[in-house]
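Student: Coordinates for the following, if possible.
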Amino acid sequence: MERHFEQIGREAAARRNSMGQQAQEALRRQRRPVLECRSFWKAGSFDVNTAASSSTLGGDLDSSDFERARVHPKFLHTNATSHKWAFGAVAELLDNAVDEICNGATFVIVDKVNNPRDDSPMLVIQDDGGGMDPEGIRRCMSLGFSSKGSKKTIGQYGNGFKTSTMRLGADAIVFTRANRGSSVTQSIGLLSYTYLRRTMKDDIIVPTVHFEILDGQAIPLPFGSQDNWDSNLKTILDWSPFSTREELMLQFEDVGSHGTQVLIYNLWMDDDDLLELDFNDDDEDIVLRDHANYAGLSKSHKEIVHSHISYTFRCSLRAYISILYLRKFPKFQIILRGKPVEQLNIADELKFRKVLTYKPQVITGSENASVKITMGFAKEAPILGIFGFNVYHKNRLIMPFWKVLQEGSSRGRNVLGVLEANFIEPAHDKQDFERTPLFLRLETKLRQIVLDYWKENCYLIGYQSRNPEIRNKQKQSGKFPHEPAANVAKELPHSESIIGLSANAQREFQVAELASLQPMDLHGATADHVAELAAVSGSSPIPSGKARAPLIAYHSDECEEMVPADVLDSSLIEKISEENLELFVRRGELQSNYEKLKKTIEELEQELALWKRKLSRLTVEVENQRNQQSILKQ
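Tutor: Sure, this is the predicted structure:
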């Protein structure tokens, strides 16, 4: 099955690559102007010339048209600002494809293609679902209309297509083909912010054209006058990436016998005039340019932070899609840039798992009255202090790694959880929940169960338990507090990677953690744990005379901090500090040398270019002299 999906991705990529020559030829054609501002968050700031915009409509509207409420094109941009995060917009389009599983969809493709007009990148999202008939695409392109009445489908507001496409780019074109019994139709719809802005429309106009397939031929299917159909086709050809009717028809070869293809072009840029979606960093991924600040972290710590799923989902579309749906699809695959995405369930990555049942206070007899909560420690515990809940709604991730406790608290550290909360409604962007009393009660409940789980099980990962019975048993066994912490290190051998992190990076991180240990950084880790880390990383162990210092527990109402007493003596700390200082100075010297070498290379390249120009001139002069001499000889 996986090979089948990979073959689909390769075939689609091959078809799009074959369009490269056509794209180069099309570059010579007339190019439509783009928006003067390509930054999404600034694209809605423009002045509206009411008189001019009204005059552009001229006689196109009769008196009855002015009796209805019109929607200004600015609303397209305002509506799209509900998506603060570009990947949230991509997820909306994936939801539409997932909802088509009930109509036979087996895959959805997310990829990059080039715009034939100007060779700029376009985002393509294509599925092999049931497609849309003419009425279906009109509803899709309309504002606020949804025909999804099933309690199992993700979409419900009828606004996702408009908000998501306009959040990713200024323009989108849709190709869809549907089989409804004996009727086979294909439709094209254009949602173009550029067109509406450039022609100064004061109403949202979405040109669509429909065809009926008869005997293998696409016959125009006008729902109004033929003139109106021709006008819509002309608008699509003028403002879409395709300038001829033949090019439009070629897109249906990718769609196949049924399905939908969405092309988003004139993609938004950031303040540095770089595409918000980066297609060049990874050939098998689409990434957001990461501006996160991780100041104060060591190099190895930054590497482990950037490699863990709780951080990579923020800037890697492949990582985000891998956790986007709770249950794996048996016969459906998401293909990102030619390679299927492997779904990941965080619950499968936990150790010391515990399953609880939560019954929210909803209407009696509701099918969603009981919620299963799976929680446990991250398998990287206690090396990486991540925590939070992945909260799903109807199989779709709404809140990733939701922190129900304060960031600075040691209680709840390394505790992860997964639950599906169908009894509360998500916000319109599906990245949060509405702040209803049900949601607030859920937050309170999750906070309490995390604290209870931590209190009962924190000793399993090297923390001192507050439960007196457990502490007494540990003391009686003579293994407190060393054995649990030692077991933690044994559970994470140096050959095991940390969810996408290389073994070398993990060892570097452990060495760095050992070298930078301060009393408040250990959060209750025992001295044997430190020694175990040293053994795993291959570094020198801490002297045995200082290795078994007792733990002193400080308790407060806000948090519980486990602080080791005298784990490291002053001489060792001073030695490590001196070594760190030397490395810092050495790093500065290497950085300075690098800058000098880089400048020297640039100067040499400029000098080389100058000599090449001189050589070219001399070559031309010599050739001219030879020609003159040959002429004189004749």
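Student: got any ranges where the stretch 451-600 of the chain has weak pLDDT?
Tutor: Counting by pLDDT under 70, the stretch 451-600 of the chain shows low-confidence ranges at 466-467, 470-471, 473-578, 580-581, 584.
Student: could you list every residue that touches P400?
Tutor: S310, F313, Y320, I323, G388, N390 (CB atoms under 8 Å, 6 or more residues apart in numbering). Glycine gets a C-beta too; all of them are placed from N, C-alpha and C.
Student: roughly how far apart are the fourth one and E434?
Tutor: What that stands for is I323. 22 Å (CB to CB, to the nearest Å).
Student: Looking at the two, which has the bigger crowd around it?
Tutor: The residue with more neighbours, out of I323 and E434, is I323; 20 against 11, by other CB atoms under 10 Å.
Student: Apart from its chain neighbours, what residue comes closest to that one?
Tutor: Spatial nearest neighbour of I323, chain neighbours left out: L344 (5.4 Å); criterion: CB to CB, 6 or more residues apart in numbering.
Student: Please report how far that neighbour lies from F377.
Tutor: Relative to F377, and taking CB to CB, L344 is found at 17 Å.
Student: Compare neighbour counts for those two and give me the winner.
Tutor: The neighbour comparison of L344 against F377 (other CB under 10 Å) goes to F377, with 25 against 18.
Student: so is the closest residue to P134 other than its chain neighbours in a helix, a strand, or just coil?
Tutor: Residue nearest to P134 in three dimensions, not counting chain neighbours: H210, with 4.4 Å by CB to CB, 6+ apart. Secondary structure, DSSP: H, G, I helix; E, B strand; the rest coil: H210 is strand.
Student: Show me the beta-bridge partners of the residue nearest to D128 when sequence neighbours are not counted.
Tutor: By the measure of CB to CB, 6+ apart, the closest residue to D128 outside its immediate chain neighbours is G259, 4.2 Å from it. Beta-bridge pairing of G259 under DSSP bridges involves R177.
Student: Kindly report the same for F107.
Tutor: F107 forms beta bridges with Q333, as assigned by DSSP bridges.
Student: Mind pulling the model confidence for it?
Tutor: Looking at F107, its pLDDT reads 96.
Student: Tell me how far it lies from D128.
Tutor: Applying CB to CB to F107 and D128 gives a distance of 6 Å.
Student: Likewise for L632?
Tutor: As judged by CB to CB, L632 and D128 stand 75 Å apart.
Student: Neighbour count for these two, which is higher?
Tutor: More crowded of L632 and D128, by other CB under 10 Å: D128, with 23 against 7.
Student: The more buried one contacts I101, correct?
Tutor: No: when contacts are counted by CB atoms under 8 Å, D128 is not listed as touching I101 (10.5 Å).
Student: can you map out the strands along the stretch 351-500 of the chain?
Tutor: 371-378, 388-393, 396-402, 415-420 (DSSP state E, counting those that start in this stretch).
Student: And the strand or helix carrying L263, what does it pack against?
Tutor: If you go by DSSP states H and E, L263 is part of strand 259-267. Contacts defined by 3 or more CB pairs under 8 Å, 6 or more residues apart in numbering; DSSP states H and E place strand 259-267 against helix 86-98, strand 121-127, helix 160-168, strand 169-180, helix 245-255.
Student: Now the weakest link among the ones you listed, please, by mean pLDDT.
Tutor: With a mean of 89, helix 160-168 has the lowest mean pLDDT of the helices and strands packed on strand 259-267.
Student: Show me what the top helix by length along the chain packs onto, helices and strands only.
Tutor: Longest helix in the chain, counting residues (DSSP state H): helix 570-633. Applying 3+ CB pairs under 8 Å, 6+ apart, one finds that helix 570-633 contacts helix 503-515.
Student: what about the helices in the stretch 301-450 of the chain?
Tutor: 309-312, 317-322, 437-457 (DSSP state H, counting those that start in this stretch).
Student: Residues in contact with the longest one: which ones?
Tutor: Applying CB under 8 Å, 6+ apart, the external contacts of helix 437-457 come out as 352, 354, 356, 358, 360-362, 373, 375, 377, 387, 389, 404-405, 411-413, 415, 417, 421, 423-424, 433, 465-467, 470.
Student: Extract the C-alpha trace of that helix and format it as CSV.
Tutor: What follows is helix 437-457, C-alpha atoms only, in CSV (Å, rounded to 0.1, in the frame of the first residue of the first chain):
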residue,chain,number,x,y,z
PRO,A,437,-17.4,26.7,31.1
LEU,A,438,-17.0,23.2,29.8
PHE,A,439,-13.5,24.0,28.6
LEU,A,440,-12.5,25.8,31.8
ARG,A,441,-13.6,22.7,33.8
LEU,A,442,-11.6,20.5,31.5
GLU,A,443,-8.5,22.7,32.1
THR,A,444,-9.0,22.5,35.8
LYS,A,445,-9.4,18.7,35.7
LEU,A,446,-6.3,18.2,33.6
ARG,A,447,-4.2,20.3,35.9
GLN,A,448,-5.3,18.2,38.9
ILE,A,449,-4.7,14.9,37.3
VAL,A,450,-1.2,16.0,36.2
LEU,A,451,-0.3,17.0,39.7
ASP,A,452,-1.7,13.7,41.1
TYR,A,453,0.2,11.6,38.5
TRP,A,454,3.4,13.6,39.2
LYS,A,455,3.0,13.1,43.0
GLU,A,456,2.6,9.4,42.6
ASN,A,457,5.1,8.6,39.9
